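> Sequence below, structure please.
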Amino acid sequence: MVIMGIDPGVAITGYGIVKYEGNKFSVIDYGAAITEANVALPKRLLKLNGILEDLIIKNKPDFVAVEELFFNKNIKTALTVGHGRGAALLAAARLGVEVFEYTPLQVKQAVAGYGRAEKSQVQQMVKIILNLDAIPKPDDVADALAIAICHGHSYNMLRHK
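Numbers count the residues shown, from 1 in each chain. Next comes the predicted model:
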């Protein structure tokens with residue numbers, strides 16, 4: 001199964017595309033979709049949506065996994081992330097790819113084995129699980145790969161129930 005993980009944002013959206021086969025993950029592609037701050041929000045969302053649609057068309061994931069909106073004290077940040085999520089969900093829906101959503105707690109649990117793991121622990125586990133030479137940068141990319149790994153583990157468990 002091919003899984004695309006997305007860590008949404010407007011300025012930076014991390015993406016990671018992995019193949020999950022026989023309980024083993026391998027990396028297909030990863031990176032960040034970046035939009036410029038001096039561009040109007042609708043144009044930034046259009047660019048982000050276009051980049052994600054192109055990646056979906058190119059890599060043909062079976063599933064898209066997106067981090068659920070985690071509401072923190074900063075409402076402006078939550079709204080910005082919500083806009084990025086909308087662009088990501090629209091890209092997947094428009095291309096007919098099933099979307100699964102995971103909380104940060106679920107992602108940490110699936111990748112590091114502990115729902116309260118530190119960000120650095122999750123990033124280190126992403127590096128190990130995917131056999132990478134270094135932790136992907138920026139953090140949004142490592143987070144997107146972690147979300148893809150989370151879906152692989154979660155989907156496997158759901159399938160065997």
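
> from here on, contacts and neighbour counts on C-alpha atoms
Noted.

> So what's the residue count around N131?
13 (other Cα atoms under 10 Å).

> Equivalent analysis for the one 10 residues further on, please.
For V141, the tally of surrounding residues (other Cα under 10 Å) stands at 26.

> Please apply the same query to A146.
A146: 32 surrounding residues under other Cα under 10 Å.

> where's it relative to T77, distance?
21 Å (Cα to Cα, to the nearest Å).

> ditto for K58
30 Å.

> And the pLDDT for the spatially closest residue to V97 that is not a sequence neighbour?
Nearest residue to V97 in three dimensions, chain neighbours excluded: F63, at 5.8 Å (Cα to Cα, 6 or more residues apart in numbering). Looking at F63, its pLDDT reads 97.

> how about the helices of the protein, start to end?
41-59, 75-94, 104-112, 119-129, 139-159 (DSSP state H).

> Let me see the contact set for the closest residue to L145 other than its chain neighbours.
Once flanking residues are discounted, L145 sits nearest to G16: 4.6 Å by Cα to Cα, 6+ apart. When contacts are counted by Cα atoms under 8 Å, 6 or more residues apart in numbering, G16 touches 4-6, 27-31, 141-142, 144-145, 148.

> Among those residues, which one is most surrounded by other residues?
A148 (34 neighbours).

> Who is the closest residue to it other than its chain neighbours paired with across the strands?
Take A148 and drop its neighbours on the chain: the residue closest to it by Cα to Cα, 6+ apart is G5, 4.2 Å away. With DSSP bridges as the criterion, G5 is bridged to G16, A65.
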